[in-house]
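> I would like the atomic coordinates for the input below:
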Amino acid sequence: MFKKITFALAAAAALTLTAGTALAQAGKQPVRVVVPWAAGGTVDFAARQLAQKLNEQTGRNYFVDNKAGGSGTIGTSNALKSPADGTTVLFFEASYATLPAIFSKLSWDHDKDFAPVGSVIETPMALVVSANSPFQTVQELIDFAKKNPGKLNFGSGGVASTPHLTAELFKNAAGIDIVHIPFKGGGDALRGVMAGSADLLFTAAPTALPHVKNGKVRLLGHSGTQAYPAMPGVPTVAEAGKLKGFAFNNWYGLAFPKDTPADVVNQLNADVAKAFADPALRGRFVQQGAAIALSTPEAFGKLVRDESKRLTDVSRQAGIKPE
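I've put the predicted structure just below:
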């Protein structure tokens, strides 16, 4: 009996050592940061800024891998089905919370198949039109849309993307009929507005502001509830359009595949917090219209669950269907 117990203990110790060795080796391997949207949008921008800082800070190679398509499901599925060893992490935003509402079947379980790391930033959505647009204010746009139902269209980075969801909230609040035109990504949608193929667009402030400054698009308002240093004097859409209760802030965060060890999750959470302690990185985001919104893994998991309930209602009311 003693020999059997000794053997069992030795086997358990060997397994623990093997697991520990594997994690130690994984800690030296590159980390693939999966962005389930095309390059050029705000999700991509935020992921690349953070990955670069983590590279400098940890000496480990964090690199962004854009896997767009399927309203974000292709990249999400790819990330959450990857080995749970800390070498693949998903960087996603609020539209993730709507996926169960618009897809009858997903290749992963929305509640069980990811290990939240934490939120990173949040951004209001900027309402922009072409620099050549006749609309100078939110109210002018709403008044025209009410008199001409179905004549205006709005761009988005894709079906069920956050720009799409924000515009649907805007439609409901304003009581207007505007037509959705999905593009292949946030960058393409913004270029569509510049070219005149889309009349308006809700896009994250960091994506919009450089083009507002160079005069290629006009900023009418933002979807937040407060003033932002990067947008002095810019009204909220709720104020400018007299839309009581209209507000939407997009949130961004990280998650590993399920079964990723807690120490790996907590280490990345700590590394992200350290990265944003750098005034240069914080300032870069704040100057572009974002707010730093770090959280614990537990708090981020709750945010995702709560937002899923809220945005599911928006998706169903709008009749959003997959691409």
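> So the closest residue in space to residue 111 that isn't next to it in sequence: helix, strand or coil?
Nearest in space to residue 111, with sequence neighbours left out and distances taken as C-beta to C-beta, 6 or more residues apart in numbering, is residue 305 at 7.1 Å. C-betas here are computed from N, CA, C, even on glycine. Three-state call for residue 305 (DSSP: H, G, I helix; E, B strand; the rest coil): helix.
> what about residue 305, neighbour count?
Neighbour count for residue 305, taken as other C-beta atoms under 10 Å: 13.
> Repeat that for residue 37.
Counted with other C-beta under 10 Å, the neighbours of residue 37 add up to 30.
> Pretty sure it sits against residue 159.
No - with contact defined as C-beta atoms under 8 Å, residue 37 does not count as touching residue 159 (11.9 Å).
> Can you show me the helices along the protein?
2-26, 42-58, 73-80, 99-102, 138-147, 162-174, 186-195, 205-213, 237-241, 262-276, 279-287, 297-318 (DSSP state H).
> Switch those over to CSV; also include distance to residue 229 and mean pLDDT.
Below are the helices of the chain laid out as CSV (distance: least, C-beta to C-beta, whole Å; pLDDT from 0 to 100):
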stretch, distance to residue 229, mean pLDDT
helix 2-26, 39, 45
helix 42-58, 18, 95
helix 73-80, 32, 95
helix 99-102, 33, 83
helix 138-147, 21, 98
helix 162-174, 21, 93
helix 186-195, 22, 94
helix 205-213, 11, 92
helix 237-241, 18, 97
helix 262-276, 17, 98
helix 279-287, 6, 93
helix 297-318, 24, 89
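> Ok, which of the ones you listed comes nearest residue 111?
Nearest to residue 111, of all those, is helix 297-318, at 7.1 Å by C-beta to C-beta.
> Show residues contacting that closest one.
94-98, 100-102, 110-111, 115-119, 160, 165, 168-169, 171-172, 251, 253, 255, 265-266, 269, 295 (C-beta atoms under 8 Å, 6 or more residues apart in numbering).
> Any of those residues buried? List them.
By neighbour count, with 16 or more other C-beta atoms under 10 Å, these hold 94-98, 100-102, 110, 115-119, 160, 165, 168-169, 171, 251, 253, 255, 265, 269, 295 as buried.
> so what's the residue nearest to the spatial centre of the chain bridging to?
Centroid-nearest residue in the chain: residue 93, 2.1 Å away (criterion: C-alpha atoms, centre = their mean). Residue 93 has these beta-bridge partners by DSSP bridges: residue 252.
> in stretch 144-155, what counts as buried?
145, 152, 153, 154, 155.
> ok, the second one touching residue 181?
No - no contact is recorded between residue 152 and residue 181 when judged using C-beta under 8 Å, the distance being 10.5 Å.
> quick check: domain ranges of this structure?
2-123+250-318, 124-241 (automatic domain parsing).
> Distance from the chain centre to stretch 32-50, please.
9 Å (C-alpha atoms, centre = their mean, to the nearest Å).
> if we can go back for a sec, deepest in the core, which of the domains of the chain is it.
Between the domains of the chain, domain 124-241 has the highest mean count of neighbours, a mean of 20, where neighbours are mean count of other C-beta atoms under 10 Å.
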